[in-house]
Every structure is written in C-alpha cells, then in structure tokens.
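J.: Here's a sequence, model it:
(2 chains)
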Amino acid sequence: MVSNACAERICAGGPGCIEMKMRFAGTPESVRAALNGVRGWLSQGDYCDESCGDAELVLAELLNNIAEHAYAQAPGGPVDLSLARCQTHLCLQLCDQGLAMPDDRIGFRTGPAPDALAEGGYGWALILQLSEGIQYCRKARTNCMRLRLRLRPPKVPVRHGR
Amino acid sequence: MELTAEDRGGALLISVMEDRIDAVVAIQFRDRMREETATAHRRVVLDLSRVAFVDSSGLGAIVGAMKQLGKERRMDLAGLTINVAKVFRLTRMDTVFTIFDSAVAAMDHDADAA
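T.: Numbering: from 1, shown residues only, chains lettered A, B, ... in the order given. Prediction:
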C-alpha cells in the first residue's frame, strides 16, 4: 500500500493538468490558510463538493502531522506543497525539513477502536481510506510525501422524460 | 470559538457558530464546551449544522467534550454536514454517538423519551 520509492514527478501530467505550488510555515494557522487557498483553487475545477472535502481533509491531516510531529522541535518550519489536478485526480506532494517519520507511523488503515473513545490517532486512518498511491521518502534531511486522490464531477440532476 | 447554549426542556442545546473545528481551535472548543456544559442537564445536544469541516483534531475534541461530561450524562450530535458525517463514518465514531438529522429532530426525540 505504501511505497518508499521516490518518484520523479508528482503526476503523469496528462492533458488539461493544472499545477499549483505553495510554500508556507508549518503552524496550525498557516495550515488553515493554505487549506483555504487549495479549496479555492479546487473550486475553479468541475468537481463535486464531497471530493473537494475529501481532498481538504487528507491535506489537513498530512499538514497537521507535519506541524505537530515533523516540526515538534522546530515550530513553524517551511512546508512545500505541489498540487496537480486533472479531470479525475488530484496529485500532491508535500515536503518538509523536519524530523523523519517513524517507520511504524504509516500503513495501517484502521484507527483506534471506536469504543476506546480516543481523543486522537484518527489521522492516518482517514488519509489511507481517502487516498491512493502513497509514497514517502526521506532525502537530504527532507521528508517528501506523495499521494493521489480521486476527484469526481458534480452530481448531474436526473432528467425526467425527453 | 463561538458556541451558543440554550436550555430546551431538560436538554442543553449547544450550537457551534463556526464553520470549522480543526487543529487551530480544538483545545479552545473543548474548553468552551466545559464552560457551557457546567449545568445540571443530563443530556447535551451538539448542533453541528454550521460546521463544514472537522479534522481528526476536531473529532478528538468532540470526543473529549463528551468524555468530560462523565458517565451520568450523555452527548448527542445533530445536523452533521456531508463532510463532517464522513469523518464520523470513516472512523466508525458514528457507532459511538447518537446522531440526529437536525437539532429539531434531536429535541423531538427527547420529548418522546420523557
């Protein structure tokens, strides 16, 4: 499910592929502003609200992990986000200069048992259920995460008769 | 973090007046919930109909707000928007909370139970 290989490109870059890059500080406030920017950028495409919501959630969880864990000892370090969207997919790459991700941090699909009433630890379960093709690599003190999400078109109203 | 609380015939209805419960406001949300639920109500209904986005920090804070009520009191949820409902479904936390379509439906249920 999770590959450690470092791909050369964030997506195949098919026809109609639109790219965007952002750099911001790994703090909760900057993360919120960045998510707002991504949401606005996605709204220029022809996607359903639920798909855009999924993308925002996955990105929020990845960015919260960077702010809380990767930059635990250096709050507000830089985050580089590259995005590419086409008709059917959003590809993204996130890089930070924080601590390496522990090996056991990624790759499990189920979060805490609901009965445990845990107050955290749901992030990876959400990311893994909503995305595909996750790759993580660490090179030259940089963490890079790449993944892909499916984007669906807005629901077309049902037409009755001819 | 703006919350409003109303006494509704035995239940306390708390409405979240913000569109996000995320990492920025998670701790603040739980603290504000502690203040607003410092009442004698045995049932609290949290109206999330204005909230368009909850991340795992926000979910944790909602769970925390429920836990800090103690075992003798309960917290139900109402008015989950599409993406918020999805977070509860994907984490299976929809099996822990009783979730109503709206605050009105939650209050009707209370009247039935009384």
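J.: where does chain A dip in pLDDT?
T.: Along chain A, segments meeting pLDDT under 70 span A:1-14, A:104-109, A:161-162.
J.: hmm, 80 instead?
T.: Chain A contains residues with pLDDT under 80 at A:1-15, A:103-110, A:156-162.
J.: For it, what lies in contact range of chain B?
T.: A:28-29, A:31-32, A:49-50, A:53-54, A:56-57, A:60-61, A:64, A:67-68, A:111, A:114-115, A:117-123, A:125-126, A:129-130 (C-beta under 8 Å from any C-beta of the partner chain). No exception for glycine: its C-beta is placed from N, CA and C like everyone else's.
J.: Just the buried residues of these.
T.: By neighbour count, with 16 or more other C-beta atoms under 10 Å in any protein chain shown, the residues of chain A next to chain B hold A:28, A:31-32, A:53-54, A:56-57, A:60-61, A:64, A:67-68, A:111, A:114, A:118-120, A:122-123, A:125-126, A:129-130 as buried.
J.: Contact partners for A:Pro15?
T.: For A:Pro15, the contact set (C-beta atoms under 8 Å, 6 or more residues apart in numbering or on different chains) comprises A:Cys86.
J.: how about the helices in chain A?
T.: Taking DSSP state H, the helices of chain A run over residues A:28-43, A:49-65, A:123-130.
J.: hmm, who's touching stretch A:39-58?
T.: A:18, A:20, A:35, A:38, A:83, A:85, A:87, A:90, A:126-127, A:130-131, A:147, A:149-155, B:52-53, B:55, B:82-83, B:86-87.
J.: tell me which residues of that stretch are tucked away?
T.: A:39, A:41-42, A:45, A:47, A:51-58.
J.: now stretch B:98-105
T.: B:Ile99, B:Phe100, B:Ala103.
J.: can you put those residues in JSON lines and add distance to B:Met17 and secondary structure?
T.: Below are these laid out as JSON lines (distance: C-beta to C-beta, whole Å; DSSP: H, G, I helix; E, B strand; the rest coil):
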{"residue": "B:Ile99", "distance to B:Met17": "20", "secondary structure": "strand"}
{"residue": "B:Phe100", "distance to B:Met17": "19", "secondary structure": "strand"}
{"residue": "B:Ala103", "distance to B:Met17": "13", "secondary structure": "helix"}
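J.: For B:Ile14, state which of those is nearest.
T.: Nearest to B:Ile14 out of the buried residues of stretch B:98-105 is B:Ala103 (C-beta to C-beta; 9.7 Å).
J.: and the residue of chain A nearest chain B?
T.: The nearest approach of chain A to chain B comes at A:Gly53, 3.5 Å away (C-beta to the nearest C-beta).
J.: Pick out the residue closest to the middle of chain A.
T.: For chain A, A:Leu59 is the residue whose C-alpha lies nearest the centre (C-alpha atoms, centre = their mean; 3.2 Å).
J.: and if you look at chain B?
T.: B:Leu46 (2.8 Å).
J.: is it true that that residue touches B:Leu80?
T.: No - assessed by C-beta atoms under 8 Å, B:Leu46 is found out of contact with B:Leu80, at 9.9 Å.
J.: still on that earlier bit, dump the residue contacts of the residue nearest to the centre of chain A.
T.: The neighbours of A:Leu59, taking C-beta under 8 Å, 6+ apart as the test, are A:Leu35, A:Val38, A:Leu81, A:Leu92.
J.: Please consider this matter closed, and thank you.
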